[in-house]
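A.B. asks: fold the following.
(one chain, ligands or ions: 1)
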Amino acid sequence: MTSQNEKPAASLILGGAPSLQKGPIRVSFEFFPPKTPEMEETLWRSIHRLAPFQPQFVSVTYGAGGSTRQRTHDTVKRIHDETSLVPAAHLTCVGATREEVDEVVRDYWNAGIRHIVALRGDPAEGQSKYVPHPGGYAYASDLVAGIRKIGNFEISVAAYPEGHVDSSDLAVDMDNLKRKIDAGATRAITQFFFDTDCFLRFRDRAVAAGVTVPLIPGIMPVTNFNGARRMAVMNGASVPDWLAKLFEGLEDEAETRKLVAIVAAAEQCVRLRANGIQDFHFYTLNRADLTYALCHILGLRAMPVEGSKSI
Ligand SMILES: Cc1cc2nc3c(=O)[nH]c(=O)nc-3n(C[C@H](O)[C@H](O)[C@H](O)COP(=O)(O)OP(=O)(O)OC[C@H]3O[C@@H](n4cnc5c(N)ncnc54)[C@H](O)[C@@H]3O)c2cc1C
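C.D. replies: Below you'll find the model as predicted:
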């Protein structure tokens, strides 16, 4: 099924359709906190390379169970202190009391960080099902409300075009998204998806449900198809047959997989753009090259970074 206002797909990329659409394109990039000095170098090289696209913000994830609390904080702080980029800190409810989470939020506020991506988080290690921490924030909507009490943050939350795996149906899932927005969230970023129609239907349902905050598609360019399929199964994202077919037989062809990944993700971005999407959030996995190409294909051009202290 295709969305009603969709333009013909033929030669969208070569025809320059992205830049012909009305309104500016805005991007944001997601990184994870590095574990080793080598990973740190890779991360900073990627930040350096992508900064000229002037992202709205760059976000840094929070490891399962709060395992990266210090590393997330350090990375966010360094981006804030040493670059002209706007960092957003991911934060979850898992494995911590409200007081502990509030302390992290206050630390961010005192460090000048003004954007938090507020999440419930996945079950703590060793648990198959999510159980709220006694004395902790139970769900993302509770966390959003808690953050609001501490400071006037910009707050992004997660959204699921195909529904969160714990939601009994799409209506329950939409009610939860609305709860998070009512609690004070200012933007929703989606889980990655491969079926663009799912996102377009989700957007239509959200608008019909009265959601007015920006809904940003989360784009994950896939080079490791088998790994992505495993993640998709865990996250409840469907994997279209055509995508599996594209990567068939390329297990030992890393370079070709990269080229195929660009084509698949570019098609997704261009279709979204053709359907009026202006904001794109890229799951970079701390690598710049695919995201760089996608920003370029969307019509953005790398601009010199002004006022940057280190990049
Ligand atoms: C953009 C994005 C970034 C992410 N970043 C991270 C990260 O940095 N670190 C990390 O660990 N994980 C991250 N995740 C994954 C996320 O933590 C998981 O998807 C998690 O399972 C759900 O988080 P949530 O914030 O969507 O939860 P919630 O919005 O709280 O919803 C989770 C489930 O609980 C249900 N629910 C909500 N409220 C109630 C209630 N009162 N009673 C009963 N059920 C309820 C909802 O319907 C839903 O099924 C990210 C996901 C996205 C999309």
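A.B. asks: so which strand or helix has the closest residue to A254 other than its chain neighbours?
C.D. replies: Distances taken as Cβ to Cβ, 6 or more residues apart in numbering put T223 closest to A254, at 7.4 Å, once the chain neighbours are dropped. All C-beta atoms are positioned from the backbone trio N, CA, C, and that covers glycine. Using DSSP states H and E, T223 is not contained in any helix or strand.
A.B. asks: ok, now how distant is T223 from K258?
C.D. replies: For T223, the distance to K258 equals 5 Å [Cβ to Cβ, to the nearest Å].
A.B. asks: neighbour count for the two, which is higher?
C.D. replies: Legend: neighbour count by other Cβ atoms under 10 Å for T223 and K258, higher for T223 (22 against 15).
A.B. asks: how far away is the more buried one from E251?
C.D. replies: If you go by Cβ to Cβ, the gap between T223 and E251 works out to 12 Å.
A.B. asks: S156 touches L119, doesn't it?
C.D. replies: No - assessed by Cβ atoms under 8 Å, S156 is found out of contact with L119, at 9.3 Å.
A.B. asks: higher neighbour count, these two?
C.D. replies: S156 (27 against 21).
A.B. asks: does S59 sit in a helix, a strand or a coil?
C.D. replies: strand (DSSP: H, G, I helix; E, B strand; the rest coil).
A.B. asks: enumerate every residue touching it.
C.D. replies: By Cβ atoms under 8 Å, 6 or more residues apart in numbering, the contact list for S59 reads 28-31, 87-90, 115, 117, 156, 281.
A.B. asks: and the residue nearest to it when sequence neighbours are not counted, what element?
C.D. replies: Leaving aside its sequence neighbours, S59 sits nearest to A88 (Cβ to Cβ, 6+ apart; 4.0 Å). Element membership of A88, judged by DSSP H and E, is strand 87-92.
A.B. asks: now the angle from the helix or strand following that strand to strand 87-92?
C.D. replies: Downstream of strand 87-92, the first helix or strand assigned by DSSP H and E is helix 98-110. Counting by axes from the mean of the first three to the mean of the last three Cα atoms, to 10 degrees, helix 98-110 lies at 180 degrees to strand 87-92.
A.B. asks: tell me the buried residues in helix 98-110?
C.D. replies: Going by neighbour count (16 or more other Cβ atoms under 10 Å), the buried part of helix 98-110 is 98, 101-102, 104-105, 108-109.
A.B. asks: still on that earlier bit, mind giving me a markdown table with the contacts of S59 and columns for distance to the ligand and pLDDT?
C.D. replies: Formatted as a markdown table, the contacts of S59 follow (distance: Cβ to the nearest ligand atom, whole Å; pLDDT from 0 to 100):
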| residue | distance to the ligand | pLDDT |
| --- | --- | --- |
| S28 | 10 | 98 |
| F29 | 12 | 98 |
| E30 | 7 | 98 |
| F31 | 10 | 98 |
| P87 | 13 | 98 |
| A88 | 10 | 98 |
| A89 | 9 | 98 |
| H90 | 3 | 98 |
| H115 | 13 | 98 |
| V117 | 6 | 98 |
| S156 | 7 | 98 |
| H281 | 7 | 98 |
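A.B. asks: isn't S238 right up against C198?
C.D. replies: Yes - the criterion here is Cβ under 8 Å, and S238 meets it with C198 at 6.9 Å.
A.B. asks: what touches both of those two?
C.D. replies: The contact sets of S238 and C198 overlap at E162 (Cβ under 8 Å, 6+ apart).
A.B. asks: more neighbours, those two?
C.D. replies: C198 (18 against 14).
A.B. asks: from the chain's centroid, how far away is the strand holding A88?
C.D. replies: Distance of strand 87-92 from its chain centroid, counting by Cα atoms, centre = their mean, to the nearest Å, is 11 Å.
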